[in-house]
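J.: Here's a sequence, model it:
(chains A, B and C)
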Amino acid sequence: MSPNQADIGGQAAGPIDTVDHGMKFWEKQANALRNTLTSRKLVRLDELRRAAEDLGDRYYRLGYFERTTEAMRNLLLEKGLFTRGELDGKIEEVRKRYDS
Amino acid sequence: MSHAHPHDPAKDDGPPSEHEILSRAIQELLEEKGLLTAEQVRKRMELFDAEFPQRGSRVIAHAWANPAFRKRLLADGKAACAEWGLDLEADRLIAVENTPRVHNVIVCTLCSCYPRALLGMPPTWYKSENYRRRVVREPRAVLREFGTVIPDEVSIRVHDSNADMRYVVVPMRPKGTEGWDEEQLASILTRDTLVGVALPKV
Amino acid sequence: MTPSTYTPAPERRFNVGDLVRVKNANPPGHRRTPAYIRGKQGEIERVCGRFPNPEELAYGFDGEPRRVLYRVQFKQREVWGSYAGSNHDLIEVEIYEHWLEPA
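T.: Predicted structure coming up:
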């Protein structure tokens, strides 16, 4: 059994929700952000995939875009594109803006 | 610097989730550091919304109408699209054709690789764990859940896009479409038919 | 030069039609060879070309030297114990050369 929890081909599973539930606006923007990062070669797709796999148990507790967003955050911190302090500060600023 | 988005009817109701806030924060930080601009992100959003999803059905309709293009598409998907004026960006496209003996279906078991520059964003079911788990092992049962029954004498070929290639299915052209123009042909080539979970219906 | 799906791979170990077996290894880290296909025998269906090694790219390295990527075809009844579909169903998976041995 592969140690990568994303490697799930062939496992038993229940019925598939065959309806396409589309994307929320923030998910489209997160996707475009991710795509801009790779097309500008700030990160590689392979790094983003690996960062998602490195989420461990969280991998299955998160929805698809939650997962890709956390992977993006972890990778960008790893690569030093910003610091934890800068990110926490910006998160608070964005949260206040939404609250007002 | 304004961070307001233009009004979007699809804009989400209710307070933003932690992940929405995180995503916005990451974007704004990167903008402040001059690593990307809001305009670049907005342009990518537009491509994914308005441009990419239209392409797949047009390309396959053209293949149905033009045997020489079909041959080129099956030989080298990226080159055929480029010659036709379509830049597939990073997608290394392999077109696989359905025949009376073979039905193709696509998956990415490891994540969600999908020919986004040809078809737009994958549907939620394609990215779902249950599809990724089951379609490689029991494709016929999975296709039945989509309402598609493939007779036993037709072999099913599953393609796991697990590395650098991306796939699109060229369905069989149904009877009753004789004399149709490419726009009409494209109208029955739904996204689901190009991933292989549905068959085009006249 | 027109873009192509494929890149040249003149120095390659395998050719279309060769019988190969996927290595039965379980190394940790980022791998693009799915667990379900490891140890299975198949046939080279197509040579895709040479690409930087994703197992290295994933950790910020340049992935050089490039590795040859193949599409390998397997009979479903040989991949899964008690496969429920038809005898002639197939599955095709992209496998890097360093994961393959002659069968």
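J.: and the next element down the chain from whichever helix or strand B:Ser57 is part of?
T.: B:Ser57 belongs to helix B:52-65 when elements are defined using DSSP states H and E. Downstream of helix B:52-65, the first helix or strand assigned by DSSP H and E is helix B:67-75.
J.: That following helix packs against which elements?
T.: If contacts are counted by 3 or more CB pairs under 8 Å, 6 or more residues apart in numbering or on different chains; DSSP states H and E, helix B:67-75 sits against helix B:52-65, helix B:77-83, strand B:92-97, strand B:165-170. (C-beta placed from N, C-alpha, C; glycine too.)
J.: Let me have these in TSV, extended by mean neighbour count, mean pLDDT and distance to chain C.
T.: Output for the helices and strands packed on helix B:67-75, formatted as TSV (neighbours: other CB atoms under 10 Å in any protein chain shown; pLDDT from 0 to 100; distance: least, CB to the nearest CB, whole Å):
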stretch	mean neighbour count	mean pLDDT	distance to chain C
helix B:52-65	21	98	14
helix B:77-83	23	97	4
strand B:92-97	22	98	4
strand B:165-170	25	98	6
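J.: for the ones you listed, which one sits closest to chain A?
T.: helix B:52-65 (10.6 Å; CB to the nearest CB).
J.: Going by contacts, tell me the helices and strands next to the closest one.
T.: Checking 3+ CB pairs under 8 Å, 6+ apart, helix B:52-65 ends up next to helix B:67-75, helix B:116-119, strand B:165-170, helix B:182-188, helix B:191-195.
J.: what about the longest strand in chain C?
T.: Counting by DSSP state E, the longest strand found in chain C is strand C:41-51.
J.: what about the next helix or strand after that one, distance to the chain center?
T.: Using DSSP H and E, the helix or strand that follows strand C:41-51 in sequence is helix C:54-57. Mean-position distance between helix C:54-57 and its chain equals 15 Å (CA atoms, centre = their mean, to the nearest Å).
J.: Residue of chain B closest to chain A, please.
T.: Counting by CB to the nearest CB, chain B gets nearest chain A through B:Thr109, at 3.2 Å.
J.: I'd like the distance between that residue and B:Arg132.
T.: Remark: distance between B:Thr109 and B:Arg132 (CB to CB, to the nearest Å) = 5 Å.
J.: Which residues of chain C lie near chain B?
T.: Selection of chain C residues close to chain B by CB under 8 Å from any CB of the partner chain yields C:2-6, C:32-34, C:36, C:46, C:48, C:51, C:54, C:69, C:71, C:76, C:80, C:83-86, C:88-96.
J.: that older thread, alpha carbons of the helix holding B:Ser57, as CSV, please.
T.: Extracted C-alpha coordinates of helix B:52-65, given in CSV (Å, rounded to 0.1, in the frame of the first residue of the first chain):
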residue,chain,number,x,y,z
PHE,B,52,-11.5,27.2,-22.3
PRO,B,53,-14.9,25.5,-21.8
GLN,B,54,-15.9,26.3,-25.4
ARG,B,55,-13.0,24.7,-27.1
GLY,B,56,-13.4,20.9,-26.6
SER,B,57,-16.7,20.5,-28.4
ARG,B,58,-15.5,22.7,-31.3
VAL,B,59,-12.3,20.7,-31.7
ILE,B,60,-14.1,17.4,-31.7
ALA,B,61,-16.9,18.6,-34.0
HIS,B,62,-14.2,19.7,-36.4
ALA,B,63,-12.6,16.3,-36.2
TRP,B,64,-16.0,14.7,-37.0
ALA,B,65,-16.5,17.0,-40.0
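J.: tell me the pLDDT at the residue nearest to the spatial centre of chain A?
T.: Residue closest to the mean C-alpha point of chain A, counted by CA atoms, centre = their mean, is A:Thr68 at 1.4 Å. With respect to pLDDT, A:Thr68 scores 96.
J.: Pull out the buried residues from stretch C:18-27.
T.: Neighbour-count burial for stretch C:18-27 flags C:Val20, C:Arg21, C:Val22 (criterion: 16 or more other CB atoms under 10 Å in any protein chain shown).
J.: Can you check the distance spanned by that stretch, start to finish?
T.: 26 Å (CA to CA, to the nearest Å).
J.: Could you list the residues in contact with that stretch?
T.: Stretch C:18-27 is contacted by residues A:1-3, C:14, C:33, C:35, C:37-44, C:70, C:72, C:95, C:99-103 when judged by CB atoms under 8 Å, 6 or more residues apart in numbering or on different chains.
J.: Which residue comes closest to residue 56 once chain neighbours are left out?
T.: In the absence of a named chain, chain A is used. Distances taken as CB to CB, 6 or more residues apart in numbering or on different chains put A:Gln5 closest to A:Gly56, at 7.2 Å, once the chain neighbours are dropped.
J.: oops, chain C please
T.: Setting aside the residues directly before and after it, C:Glu56 is nearest to C:Gly63 in space (CB to CB, 6+ apart), at 4.5 Å.
J.: try A:Gln11
T.: Distances taken as CB to CB, 6+ apart place B:Arg133 nearest to A:Gln11, at 4.4 Å, with adjacent residues excluded.
J.: Just the pLDDT at that neighbour, thanks.
T.: At B:Arg133, the model reports a pLDDT of 98.
J.: And the residue of chain A found nearest chain B, how close does it get to B:Glu138?
T.: For chain A, the residue closest to chain B is A:Gly9, as judged by CB to the nearest CB, at 3.2 Å. Going from A:Gly9 to B:Glu138 by CB to CB gives 11 Å.
J.: Drop anything exposed from the contacts of stretch C:18-27.
T.: By 16+ other CB under 10 Å, these give A:2, C:14, C:33, C:35, C:37-38, C:40, C:42-44, C:70, C:72, C:95, C:99-100 as buried.
J.: Below-threshold pLDDT in chain B: ranges please.
T.: B:1-11 (pLDDT under 70).
J.: Go ahead and measure how far stretch A:52-64 is from the middle of the chain.
T.: Taking mean C-alpha positions (CA atoms, centre = their mean), stretch A:52-64 and its chain are 9 Å apart.
J.: Show me what counts as buried in it.
T.: Going by neighbour count (16+ other CB under 10 Å), the buried part of stretch A:52-64 is A:Ala52, A:Glu53, A:Asp54, A:Leu55, A:Tyr59, A:Leu62, A:Tyr64.
J.: in stretch A:3-19, what's buried?
T.: Under 16+ other CB under 10 Å, the buried positions of stretch A:3-19 are A:Asn4, A:Ala6, A:Asp7, A:Ile8, A:Gly9, A:Gly10, A:Gln11, A:Ala13, A:Ile16, A:Thr18.
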